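K.L.:
Following is a predicted model, sequence given first.
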Amino acid sequence: MLKKLFFSFVFLCFSLSNAQIVINELDSDSPSTDDKEFIELKSSTPNFSLNGYVLVLFNGTGSQANLSYYVIDLDGYTTDINGIIVIGNSLVSPVPEKILPDNIFQNGPDGVGLYLGSSTDFPNLTPATATNLIDALVYDTGDADATSLMAALGVISQIDENANGLQTTQSIQRKNDGTYESKTPTPGANNDGIGFIYNGITISIPALQVTEGNTINITFTTQTPVTSNLTFTFSLNSGSINNPDFTGNTTVFIPIGSSSFTTTITFVDDTLDEGDEVAVIKFGAIPNQYNRINDQIEFRVIDNDFIVSPWGTPLNPTYGNVTPTIPVGYYNSIEGLSGAALKQGLQNIIANPSIVRAHNYGDIETILKTADQNPLNSNQVWLMYVEQPRSKLDLQETGINTGKWNREHIYPQSRGGYTDGTSSIADGINVWLPTNADDILAGHADAHHIRAEDGPENSIRSNKDYGEYLGLSGTQGSWHGDVARSVFYMAVRYNALSVVNGNPSNTTVGQLGDLALLLQWNQSDPKDDFEMNRNNYIYTWQVNRNPFIDYPNLADYIFGIHAGEPWFSTLSIYENENSKVVVYPNPTKDFITISGLTSTGFIEIYNQLGEKLLQSEFIGTTRIDLNLTTGVYIAKISANNSSIFRKILIK
């Protein structure tokens with residue numbers, strides 16, 4: 001009886017429609033990062049095949065006004081028993097039948113047309129047309145009318161999603177009379193609230209990660225108790241996670257009168273270092289009277305077989321554990337050179353067109369996963385500015401960067417003049433192009449100045465000079481010397497680039513500041529094993545090195561206080577990796593003691609901005625009284641024509 005009433009109701013609802021299929025609802029501007037956008041179609045009969053239909057999105061203004069920017073092929077899809085189908089982002093609830101990437105729909109004034117045809121009929125930048133047009137909607141979020149696009153699509157009125165001043169929380173919805181209104185989104189349901197009401201099923205888990213060898217409970221819950229036994233299956237396979245990786249029941253059974261089922265999944269503790277992986281809980285087929293409130297729920301499977309490197313992180317650096325892989329004679333040609341000849345000689349080495357290789361931006365992802373690997377966990381990368389690790393899996397792949405890492409250009413793209421200068425499709429270490437000092441586009445993918453970084457912090461730094469950007473408050477500045485040596489490299493490697501004093505305009509191409517501060521950072525944050533390992537690895541790809549990591553004091557002979565003086569490798573200040581000098585206590589409050597020297601020494605204390613706060617001469621074991629506020633400082637201790645650097649934490 002219930003079934004007969006349902007189909008009588010459906011027939012009544014759809015008999016009211018005077019069009020076979022129309023655009024029923026559009027949400028073009030959702031909260032946060034536009035990850036809940038969708039478009040909904042409605043057919044006048046249930047289970048209507050969409051074979052031969054396409055949705056085409058059009059620009060409404062600008063240089064590409066009236067031209068298409070995205071096409072959605074609907075072949076293989078059908079509307080549901082209410083005559084509805086939703087196409088949208090994965091976070092739309094209930095889950096759309098067709099999933100789109102985030103942030104596809106422009107906020108307007110723009111348009112969307114439903115056509116008979118194929119996606120091949122609408123290549124990118126196709127002019128809007130009324131030919132084979134079934135329905136169209138031109139919309140905005142508080143903008144002036146796109147009259148030209150309206151005319152091309154035969155639309156009389158442009159609909160404002162922001163009509164109530166709530167554009168991010170409301171959608172445009174078609175009323176039964178064919179007009180539109182803006183109100184709270186109703187994806188997957190009739191806009192007037194009538195029609196068949198699905199019993200939605202939700203997947204829930206207690207945590208977003210589980211370590212190999214442990215268990216996780218997965219619960220499936222219906223909105224209302226089921227009226228007959230409900231059985232369906234789910235999967236966890238994601239490409240890297242497969243059936244041998246876990247054990248447990250993947251069949252869901254909710255008995256009549258109940259509304260939930262929980263199963264326990266155990267992840268196998270193997271002995272392989274496969275890296276962290278993502279498991280995806282995905283519904284199998286479910287009966288027609290149910291829908292998915294969410295789906296494809298991801299959680300992290302943490303591999304407990306990671307590798308720990310024999311050197312420290314930039315926050316807790318070590319020195320001398322990583323041997324430089326400098327080829328024999330690599331720097332011989334610059335011995336004794338000075339001034340412009342020294343800079344040119346260095347460029348002849350690191351931009352040698354017969355040796356150096358240029359890779360593309362897609363390869364940088366691969367390079368960073370090894371070059372910037374967290375020494376404490378091989379499944380993570382080290383994020384420079386925020387001074388913390390993050391799983392290699394969390395690389396930003398969409399417009400959403402929260403909790404993600406991405407590729408930070410130390411010499412910004414817009415300031416270097418190489419924005420998007422290489423392909424984003426990785427082609428591996430064995431595919432490369434020759435390069436030279438005039439090949440500025442190679443800077444787009446030069447790994448010596450690209451680091452793994454927290455997405456939001458990368459956006460905050462943007463294209464600012466160092467001096468204008470000083471990092472995240474509360475961090476220790478463990479990256480200061482790293483960026484200085486990277487900027488020095490870029491200013492020598494490429495003819496079009498330079499490093500200058502002060503802070504040039506952020507629109508200035510080919511100049512980056514602040515040279516004076518970077519020279520200080522080069523001293524106060526010495527190169528460590530992390531940086532040397534990075535230099536060694538990048539050499540295997542690019543067949544060039546960053547000489548300012550191998551010999552940090554080269555910067556002073558090219559840009560600093562020794563400019564114009566001849567340089568010899570014997571003058572280079574190493575950090576005395578084998579030094580027996582000890583500074584204690586550390587952390588401390590108001591003094592330090594220096595021991596390990598039998599000769600006269602000299603100590604300088606710097607803050608994180610590179611400002612010298614104290615200097616003193618001492619002989620042998622000596623107590624140095626401090627009057628410093630809480631924070632991190634750098635002690636430079638010089639003796640016997642060499643220097644060491646120590647970080648000091650004042651409590």
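P.N.:
Yep, that arrived. Numbering: from 1, shown residues only.
K.L.:
alpha carbons only for contacts and neighbour counts from here, please
P.N.:
OK.
K.L.:
And the helices in the stretch 451-600 of the chain, which stretches?
P.N.:
Listed in chain order, the helices found in the stretch 451-600 of the chain under DSSP state H, counting those that start in this stretch are 455-461, 480-493, 515-524, 529-542, 547-550, 554-558.
K.L.:
export these to JSON lines and tack on distance to Glu298?
P.N.:
As requested, the helices of the stretch 451-600 of the chain are exported to JSON lines (distance: least, Cα to Cα, whole Å):
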{"stretch": "helix 455-461", "distance to Glu298": "20"}
{"stretch": "helix 480-493", "distance to Glu298": "35"}
{"stretch": "helix 515-524", "distance to Glu298": "42"}
{"stretch": "helix 529-542", "distance to Glu298": "32"}
{"stretch": "helix 547-550", "distance to Glu298": "40"}
{"stretch": "helix 554-558", "distance to Glu298": "47"}
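K.L.:
OK, contacts around the residue positioned nearest the centre of the chain?
P.N.:
In the chain, the centroid-proximal residue (Cα atoms, centre = their mean) is Gln396; its distance is 2.6 Å. Counting by Cα atoms under 8 Å, 6 or more residues apart in numbering, Gln396 touches 404-406, 455.
K.L.:
Okay, and which of those residues map to strands?
P.N.:
405-406 (DSSP state E).
K.L.:
among the contacts of Gln396, which two are most distant?
P.N.:
Farthest pair in the contacts of Gln396 (Cα to Cα) is Lys404 and Asn406. Separation: 6.7 Å.
K.L.:
Now do the shared contacts for the two.
P.N.:
With contacts taken as Cα under 8 Å, 6+ apart, Lys404 and Asn406 have 395-396, 454-455 as neighbours in common.
K.L.:
ok, and the most crowded of these?
P.N.:
Asp454 (28 neighbours; other Cα atoms under 10 Å).
K.L.:
what bridges to the closest residue to that residue other than its chain neighbours?
P.N.:
Excluding the flanking residues, the one nearest Asp454 by Cα to Cα, 6 or more residues apart in numbering is Trp405, at 4.4 Å. Here Trp405 sits in beta bridges with Leu395, Asp454, going by DSSP bridges.
K.L.:
and the gap between the residue nearest to the centre of the chain and Tyr539?
P.N.:
Gln396 is 26 Å from Tyr539, where distance means Cα to Cα, to the nearest Å.
K.L.:
In this structure, where is pLDDT below threshold?
P.N.:
The chain contains residues with pLDDT under 70 at 1-19, 32, 571-580, 598, 640-642.
K.L.:
for this structure, what spans make up the helices?
P.N.:
Taking DSSP state H, the helices of the chain run over residues 2-15, 31-34, 147-153, 339-350, 361-371, 413-416, 455-461, 480-493, 515-524, 529-542, 547-550, 554-558.
K.L.:
between those, which gets nearest to Gly502?
P.N.:
helix 515-524 (7.1 Å).
K.L.:
what distance separates the closest one from the centre of its chain?
P.N.:
Relative to its chain's centre, helix 515-524 lies at 29 Å (Cα atoms, centre = their mean, to the nearest Å).
K.L.:
quick check, distance from stretch 448-455 to the centre of its chain.
P.N.:
Relative to its chain's centre, stretch 448-455 lies at 10 Å (Cα atoms, centre = their mean).
K.L.:
CA atoms of it as PDB?
P.N.:
Extracted in PDB, the C-alpha atoms of stretch 448-455 (Å, rounded to 0.1, in the frame of the first residue of the first chain):
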ATOM      1  CA  HIS A 448      67.600  25.200  -4.600                       C
ATOM      2  CA  HIS A 449      65.100  27.900  -3.700                       C
ATOM      3  CA  ILE A 450      61.900  25.900  -3.300                       C
ATOM      4  CA  ARG A 451      60.900  24.500   0.000                       C
ATOM      5  CA  ALA A 452      58.100  22.400   1.500                       C
ATOM      6  CA  GLU A 453      55.800  24.900   3.400                       C
ATOM      7  CA  ASP A 454      52.600  25.200   5.300                       C
ATOM      8  CA  GLY A 455      50.000  26.400   2.800                       C
END
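K.L.:
Thr588: which of the helices of the stretch 451-600 of the chain is closest?
P.N.:
Smallest distance to Thr588 across the helices of the stretch 451-600 of the chain (Cα to Cα): 19.1 Å, for helix 515-524.
K.L.:
Can you list the buried residues in that closest one?
P.N.:
515-524 (16 or more other Cα atoms under 10 Å).
K.L.:
Format the helices of the chain as a markdown table; extra columns: distance to Val583.
P.N.:
Converted to a markdown table, those look like this (distance: least, Cα to Cα, whole Å):
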| stretch | distance to Val583 |
| --- | --- |
| helix 2-15 | 81 |
| helix 31-34 | 49 |
| helix 147-153 | 72 |
| helix 339-350 | 36 |
| helix 361-371 | 31 |
| helix 413-416 | 41 |
| helix 455-461 | 33 |
| helix 480-493 | 21 |
| helix 515-524 | 16 |
| helix 529-542 | 20 |
| helix 547-550 | 25 |
| helix 554-558 | 27 |
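K.L.:
Among these, show me which one is buried the most.
P.N.:
Greatest average neighbour count among the helices of the chain goes to helix 480-493 (a mean of 25), per mean count of other Cα atoms under 10 Å.
K.L.:
and the angle from that helix to helix 515-524?
P.N.:
Orientation of helix 480-493 against helix 515-524 (axes from the mean of the first three to the mean of the last three Cα atoms, to 10 degrees) gives an angle of 120 degrees.
K.L.:
residue ranges of the strands in the stretch 51-200 of the chain, please?
P.N.:
Per DSSP state E, counting those that start in this stretch, the stretch 51-200 of the chain has strands spanning 53-59, 68-73, 84-88, 98-99, 110-116, 133-140, 159-160, 171-174, 180-183, 199-204. These are given in chain order.
K.L.:
Check the stretch 551-651 of the chain too.
P.N.:
Shown for the stretch 551-651 of the chain, the strands assigned by DSSP E, counting those that start in this stretch span residues 582-584, 591-595, 600-606, 612-619, 622-625, 631-639, 642-650.
K.L.:
Return the distance of the third one from the chain's centre.
P.N.:
In this case it means strand 600-606. 42 Å.
K.L.:
how big is the angle separating that strand from strand 591-595?
P.N.:
Using the same axes, to 10 degrees: strand 600-606 against strand 591-595 is 140 degrees.
K.L.:
strands paired with strand 600-606, and their directions?
P.N.:
strand 612-619 (antiparallel), strand 631-639 (antiparallel).
K.L.:
Provide a list of residues in contact with Arg415.
P.N.:
Residues near Arg415 by Cα under 8 Å, 6+ apart: 463, 506-512.
K.L.:
which ones are touching the residue lying closest to Asn607 once chain neighbours are set aside?
P.N.:
Leaving aside its chain neighbours, Asn607 sits nearest to Tyr633 (4.9 Å; criterion: Cα to Cα, 6+ apart). Contacts for Tyr633 (Cα under 8 Å, 6+ apart) come out as 605-608, 647-650.
K.L.:
Tyr633 bridge partners, please.
P.N.:
Beta-bridge partners, per DSSP bridges, of Tyr633: Ile648.
K.L.:
so how far is Gly610 from it?
P.N.:
Shown here: Tyr633 relative to Gly610, a distance of 9 Å by Cα to Cα.
K.L.:
returning to what we had before: is it possible to get a markdown table of the strands paired with strand 600-606 that adds distance to Gly193?
P.N.:
Below are the strands paired with strand 600-606 laid out as a markdown table (distance: least, Cα to Cα, whole Å):
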| stretch | distance to Gly193 |
| --- | --- |
| strand 612-619 | 71 |
| strand 631-639 | 60 |
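K.L.:
May I see the contacts of Gln396 organised as CSV, with distance to Met384 added?
P.N.:
CSV is the format used below for the contacts of Gln396 (distance: Cα to Cα, whole Å):
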residue, distance to Met384
Lys404, 13
Trp405, 10
Asn406, 11
Gly455, 11
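K.L.:
between the contacts of Gln396, which is nearest Ile194?
P.N.:
If you rank the contacts of Gln396 by distance to Ile194 using Cα to Cα, Lys404 comes first, at 41.5 Å.
K.L.:
Can you report how many residues lie near Gly421?
P.N.:
16.
K.L.:
Please apply the same query to Asn132.
P.N.:
For Asn132, the count of nearby residues is 12 (other Cα under 10 Å).
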